[in-house]
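> Pasted the sequence and its predicted model underneath.
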Amino acid sequence: MITAVQCSCGAVEIQLTGKPVFQYYCHCDDCQSVHGKAYPVSLYPAPAISVVRGDTDAFTLRTAPRTKCKQCGTYLFAEVAGFAGVNADLLPEGMFNPAFHIQCRYAAVPIQDDLPHYKGTPARFRGSDELMQW
Ligand SMILES: [Zn+2]
Ligand SMILES: [Zn+2]
């Protein structure tokens, strides 16, 4: 399965091979500063992602290196320990089904949905599994 994803101006196209490993929202201070909101992540093994068209720029604010379109500045993906967190806002309709929220201790306001709200990260990300008590 190949999914094609474009930036806002269409200059850059990336291809995602296979299915995401996880889909979730990241509320960390790094993501919020860059995106102005929680970052909707569709996580793929790094080799599953390739830029097939257009010029990109790399940018690191605090921790995660992020790749964006050189022309329109749309953030395409962030790199996290061998994985690429694709900007799920760019996915085709219906392809983002988040399972949980991470780094909720940075959330500006309590999150109102039925998903788990991890204070840091879940155990499967080597975190503590601790949930927020809003
Ligand atoms: Zn663009
Ligand atoms: Zn983050």
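Arrived safely. Ligands and ions are numbered 1, 2, ... in the order given.

> quick check: mean pLDDT across stretch 60-73?
The pLDDT scores in stretch 60-73 average 95.

> Would you mind listing the buried residues in it?
64, 66-69, 71 (16 or more other C-beta atoms under 10 Å). Heads up, the C-betas are built off the backbone N, CA and C, glycines and all.

> again with stretch 46-62
So for stretch 46-62, counting by 16+ other C-beta under 10 Å, buried means 48-49, 54, 56.

> CSV for these, including distance to Tyr25?
Shown next, in CSV, are the buried residues of stretch 46-62 (distance: C-beta to C-beta, whole Å):
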residue, distance to Tyr25
Ala48, 21
Ile49, 20
Gly54, 27
Thr56, 24
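
> low-scoring pLDDT stretches of this protein, where are they?
For the chain, no stretch has pLDDT under 70.

> Which members of the buried residues of stretch 60-73 additionally contact ligand 1?
69, 71 (C-beta under 5 Å from the ion).

> what residues does the chain put near ligand 1?
7, 9, 11, 69, 71-72.

> quick check, Gln71 in a strand?
No. Looking at Gln71 with DSSP: H, G, I helix; E, B strand; the rest coil, it is coil, so not inside a strand.

> Distance of it relative to Pro47?
26 Å (C-beta to C-beta, to the nearest Å).
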